[in-house]
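Participant: Structure for the following, please:
(chains A and B)
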Amino acid sequence: AQSVTQPDIHITVSEGASLELRCNYSYGATPYLFWYVQSPGQGLQLLLKYFSGDTLVQGIKGFEAEFKRSQSSFNLRKPSVHWSDAAEYFCAVRSYNTDKLIFGTGTRLQVFP
Amino acid sequence: DTGVSQDPRHKITKRGQNVTFRCDPISEHNRLYWYRQTLGQGPEFLTYFQNEAQLEKSRLLSDRFSAERPKGSFSTLEIQRTEQGDSAMYLCASSLGHPSRDYGYTFGSGTRLTVV
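Facilitator: Now for the predicted structure:
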């Protein structure tokens, strides 16, 4: 069965530090991968997506993610975190045969000044 | 176009009552999705439509839940005889559903349901 694992429930970083949020997926074919961000009480905002081609994907707000097929991973990175990045981050995979997203349980990011 | 709109933003209801939520997608998007998100979890797929046709329903969508998209534009999600376990954020999303599959999803801000 398709699944997404986000191993880190909660991450705390200092403002200006680098960030990497981990995402591993279980999927038999070429996955369609997404990262979303959610502020408290809000909906989901798309940060970036990967369908094919260059395995390093650039997104909004200075985020990037790298698809590594050999590791079944799609980790999200940012070189310098801002206080406004504090939020919940979700990785998701879309099945080839259906049109639904399967989400991980999320990683809550806390940023200290 | 201001994105995906959901109404109401918050709903408090007594157990056993019926509730209905509305979602207005981005106008040119032909696909519309409903997800449910409980506290501390990622969103879980409930159902989706292409135009007015409901193409897939999750096992999470019990017989107390019904979703419609009668004219292929806005959609409603009704929960009958609400239970405390229905308390969650209900998220709507829309997409172009282009055959190339190279498309993303735009989510609304959600409707938070509290059953007391």
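Participant: list the contacts for residue A:90?
Facilitator: Residue A:90 is in contact with A:6, A:35, A:36, A:37, A:38, A:44, A:103, A:104, A:106, B:42, B:43, counting by C-beta atoms under 8 Å, 6 or more residues apart in numbering or on different chains. C-betas here are computed from N, CA, C, even on glycine.
Participant: Identify the residue nearest the second one in space, chain neighbours excluded?
Facilitator: Spelled out, that is residue A:35. Leaving aside its sequence neighbours, residue A:35 sits nearest to residue A:47 (C-beta to C-beta, 6 or more residues apart in numbering or on different chains; 4.4 Å).
Participant: quick one, what contacts the one you found?
Facilitator: Here residue A:47 is in contact with A:35, A:36, A:37, A:59, A:60, A:61, A:63, A:65, A:76, A:89 (criterion: C-beta under 8 Å, 6+ apart).
Participant: Buried ones only from those, please, as a ChimeraX command.
Facilitator: To isolate the buried ones among the contacts of residue A:47 in ChimeraX, judged by 16 or more other C-beta atoms under 10 Å in any protein chain shown, type:
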select /A:35,36,37,59,63,65,76,89
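Participant: Let me know the closest of the contacts of residue A:47 to chain B.
Facilitator: Nearest to chain B among these: residue A:36, at 7.5 Å, using C-beta to the nearest C-beta.
Participant: Next, give phi and psi for the residue of chain A found nearest chain B.
Facilitator: At 3.2 Å from chain B, residue A:103 is the closest residue in chain A, using C-beta to the nearest C-beta. Backbone torsions of residue A:103, given as degrees, to the nearest 10, read phi -100, psi 150.
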